[in-house]
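Engineer: Below is the sequence, then the predicted model.
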Amino acid sequence: MGFFYLTLAVALALTMSRAIAMPLDQIPFRSMDGSETTLHQYAGKVMLIVNVASRCGNTPQYAALEKLYRDRMAQGFVILAFPCNDFGGQEPGTNEEIKDFCSGTYDVTFPIMDKIHVKGADQSPLYTALTGDGAKFPGDVRWNFGKFLIGRNGEVLSRFEPSVKPDSSEVTRAVDAALNNTGQ
């Protein structure tokens, strides 16, 4: 029985190391409609990845995220929202309920993905890559509306804590710099 558990542990460790070593743009996740996708679909764009929730004190950030997206999408900017129920159960809804809330309340038009875990044992491989030991900005996501800015070349450029609003000069300057730097 001990050999079985040792073999299982080794297999799990190898699987995790492959997920971490995989290029960021090739890590699979699901879109809101359930289809598998990757960041490669957004290759050449500047991306802001945000873990979101509908019942959070930061939920009004949806309005600023949508404005940021609409103001810069023609320049090659996209926001990818990942609903998450890891913090205080603040995103309990189904994908359909989340979509209806976002579009009905904040007129969200940027892509919203399938609900994921951004921390813990069930952490999404994408967030393992963004926050793990080998990440450029390691450390657990602290709450809803944590943000990661990714350049055109797929490099993680910045990380913004949940309290940093999307319309802050810190975020808008970083997004604009990434949009104007064709090498990133």
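Structural biologist: Received it, and whenever you're ready, just let me know what you need. Numbers count the residues shown, from 1 in each chain.
Engineer: Please compute how far stretch 27-36 lies from its chain's middle.
Structural biologist: The chain centroid and the centroid of stretch 27-36 are separated by 12 Å under Cα atoms, centre = their mean, to the nearest Å.
Engineer: And stretch 89-103, by the same measure?
Structural biologist: Relative to its chain's centre, stretch 89-103 lies at 16 Å (Cα atoms, centre = their mean).
Engineer: Also stretch 49-64?
Structural biologist: When C-alpha coordinates are averaged (Cα atoms, centre = their mean), stretch 49-64 and its chain have centres 12 Å apart.
Engineer: pLDDT of that stretch, averaged?
Structural biologist: Stretch 49-64 shows a mean pLDDT of 97 in the predicted model.
Engineer: Kindly report the same for stretch 105-121.
Structural biologist: Within the predicted structure, the mean pLDDT of stretch 105-121 is 97.
Engineer: same thing with stretch 85-93?
Structural biologist: When the per-residue pLDDT values of stretch 85-93 are averaged, the result is 96.
Engineer: element containing the residue nearest the centre of the chain, please.
Structural biologist: Centre of the chain computed as the mean C-alpha position; nearest residue by Cα atoms, centre = their mean is I49, 3.5 Å away. Here I49 sits within strand 46-52, counting by DSSP states H and E.
Engineer: What is that strand packed up against?
Structural biologist: In terms of contacts (3 or more Cβ pairs under 8 Å, 6 or more residues apart in numbering; DSSP states H and E), strand 46-52 is packed against helix 61-72, strand 77-83, helix 125-131, strand 147-150, helix 169-180. The C-beta positions use only the backbone N, C-alpha and C, and glycine is treated the same way.
Engineer: what about 10 Å?
Structural biologist: Helices and strands in packing contact with strand 46-52 are listed as helix 61-72, strand 77-83, helix 125-131, strand 147-150, strand 156-160, helix 169-180; criterion 3 or more Cβ pairs under 10 Å, 6 or more residues apart in numbering; DSSP states H and E.
Engineer: that older thread, let me see the contact set for the residue nearest to the centre of the chain.
Structural biologist: For I49, the set of contacting residues under the criterion of Cβ atoms under 10 Å, 6 or more residues apart in numbering consists of 24, 39, 42, 78-82, 113, 118, 126-127, 130, 146-150, 156, 159.
Engineer: Who does it form a beta bridge with?
Structural biologist: Per DSSP bridges, the residues bridged to I49 are L80, F148.
Engineer: any idea how far it lies from V78?
Structural biologist: From I49 over to V78 the distance is 10 Å, taken as Cβ to Cβ, to the nearest Å.
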